[in-house]
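Visitor: Fold the stuff below for me.
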Amino acid sequence: MRASEAPPSPGCPYSMTCFSDEVPEHQSTVSAFALDKYEVTVGRFRNFVNAYVSNTASAPADGAGVNPAIPGTGWQSAWNANLPADAAAFTTVLDCNAAYQTWTSSPGANEAKALNCVSWYEAFAFCIWDSGRLPTESEWEYAAAGGSENRLYPWGSAAPDCTYANAYASSYCIATGIASVGATPKGNGKWGHADLAGNVWEMVSDVKDAYTASSVVDYANLTGTVRGFRGGSFYSGAREARAARRNDNLPDAHAFDEGLRCARGVQ
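Guide: Numbering: from 1, shown residues only. The predicted structure follows:
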């Protein structure tokens with residue numbers, strides 16, 4: 001973990017040590033948005049790969065996927081080069097970890113599992129193709145914390161175990177790693193979102209940076225390199241399952257414990 005440890009805060013129980021990048025706690029207001037109930041599955045992403053031609057023909061249009069409340073959050077044509085050159089290259093990058101990757105060369109038993117081994121650029125391009133976008137960090141936490149309820153975990157304050165989330169609780173909940181989406185409905189969030197804790201870390205649109213102490217409205221940090229990830233994974237424990245927990249990685253990384261969930265406008 002990159003963040004240094006910090007003493008307990010409102011999002012950190014006294015029974016554990018949390019992280020300095022989670023504070024100061026501040027007010028964050030977001031405009032109306034919709035967040036997909038489930039993480040993106042292998043089957044959903046396979047449709048995108050099957051339709052993919054090249055990083056020129058299949059790249060999103062410049063400005064696509066913009067958050068309507070936050071100008072400048074859309075796709076940038078300079079990112080086209082960070083997408084796979086063609087469909088064959090796409091399937092190669094999705095083979096990132098023989099033990100835990102969920103992608104398979106042809107449809108099989110993993111189609112309902114959350115996709116992993118995908119980069120931030122590929123995740124954003126998928127969400128745009130799927131008529132959505134990546135959520136901002138504030139939007140994601142709003143859903144995970146139950147809005148003004150400011151929940152410790154998506155389901156409330158009960159300590160996580162394998163009935164709430166596919167995570168690490170003295171041992172791995174699932175020996176093979178990632179589960180089918182929605183496998184732990186007891187841990188659903190306030191509005192029914194599944195797997196906001198555990199299974200795979202979920203990408204957000206923001207560049208990860210220090211919090212401000214001031215209230216913010218429809219905010220996304222756009223300056224910097226590393227992108228934010230939220231929610232923990234099958235590989236992480238109770239600290240990572242908290243709604244306040246933050247993590248980051250380079251946008252071109254393909255990691256076995258990172259996946260995505262799309263956001264979209266409200267009709």
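Visitor: And for the top strand by length along the chain, what's in contact with it?
Guide: In the chain, taking DSSP state E as the definition, the longest strand is strand 201-207. With contacts defined as C-beta atoms under 8 Å, 6 or more residues apart in numbering, strand 201-207 is touched by 39, 67, 73, 120, 123-124, 133-137, 139-140, 196, 220-233, 247, 255, 257-261. Quick note: C-beta positions are derived from backbone N, CA and C, even for glycine.
Visitor: Buried only: go through these for me.
Guide: 39, 67, 73, 120, 123-124, 133-137, 139-140, 196, 220-221, 226-233, 247, 255, 257-261 (16 or more other C-beta atoms under 10 Å).
Visitor: and the spatially closest residue to residue 77 that is not a sequence neighbour, what does it touch?
Guide: Residue nearest to residue 77 in three dimensions, not counting chain neighbours: residue 62, with 4.4 Å by C-beta to C-beta, 6 or more residues apart in numbering. If you count contacts by C-beta under 8 Å, 6+ apart, residue 62 has them with 74-77.
Visitor: what residue is smack in the middle of the chain?
Guide: Central residue of the chain (C-alpha atoms, centre = their mean): residue 202, 1.3 Å from the mean position.
Visitor: hey, what's that residue bridged with?
Guide: residue 230, residue 259 (DSSP bridges).
Visitor: Would you check how far apart it and residue 113 are?
Guide: 14 Å (C-beta to C-beta, to the nearest Å).
Visitor: and if you look at residue 243?
Guide: Relative to residue 113, residue 243 is positioned 23 Å away (C-beta to C-beta).
Visitor: ok, now residue 230?
Guide: 19 Å.
Visitor: now do residue 169
Guide: Here residue 169 is placed at a distance of 20 Å from residue 113 (C-beta to C-beta).
Visitor: Mind checking which of the two has more residues around it?
Guide: A side-by-side neighbour count of residue 169 and residue 113, using other C-beta atoms under 10 Å, places residue 113 first with 25 against 18.
Visitor: phi, psi of the more buried one?
Guide: The phi/psi pair for residue 113 (degrees, to the nearest 10) reads phi -80, psi 150.
Visitor: Not counting sequence-adjacent ones, nearest residue to it?
Guide: Spatial nearest neighbour of residue 113, chain neighbours left out: residue 102 (4.5 Å); criterion: C-beta to C-beta, 6+ apart.
Visitor: need the contact list for that neighbour.
Guide: 42, 110, 113-117, 177-178.
Visitor: just residue 159 next, same as before
Guide: Going by C-beta under 8 Å, 6+ apart, residue 159 touches residue 238.
Visitor: Check which helix or strand it maps to.
Guide: Using DSSP states H and E, residue 159 sits in no helix or strand.
Visitor: where's residue 265 relative to residue 140, distance?
Guide: Separation of residue 265 from residue 140 (C-beta to C-beta) stands at 16 Å.
Visitor: before we move on, what about residue 207?
Guide: Per C-beta to C-beta, residue 207 is found 14 Å from residue 140.
Visitor: Kindly report the same for residue 80.
Guide: For residue 80, the distance to residue 140 - C-beta to C-beta - is 26 Å.
Visitor: give me the low-pLDDT residue ranges for this structure?
Guide: Counting by pLDDT under 70, the ranges of the chain that qualify are 1-11, 13-15, 267.
Visitor: Leaving out sequence neighbours, find the closest residue to residue 138.
Guide: residue 28 (4.4 Å).
Visitor: so that neighbour makes contact with residue 221?
Guide: No. Here residue 28 lies out of contact with residue 221, judged by C-beta atoms under 8 Å, at a distance of 11.9 Å.
Visitor: Could you name every residue contacting both of the two?
Guide: Contacts common to residue 28 and residue 221, judged by C-beta under 8 Å, 6+ apart, are absent.
Visitor: wait, isn't residue 139 in contact with residue 261?
Guide: No. Counting by C-beta under 8 Å, residue 139 sits too far from residue 261 to count as a contact (10.5 Å).
Visitor: Find residues that contact each of these two.
Guide: residue 35.
Visitor: so where do the helices sit in the stretch 1-150 of the chain?
Guide: In the stretch 1-150 of the chain, the segments counted as helices under DSSP state H, counting those that start in this stretch are 42-51, 87-93, 120-129, 137-144.
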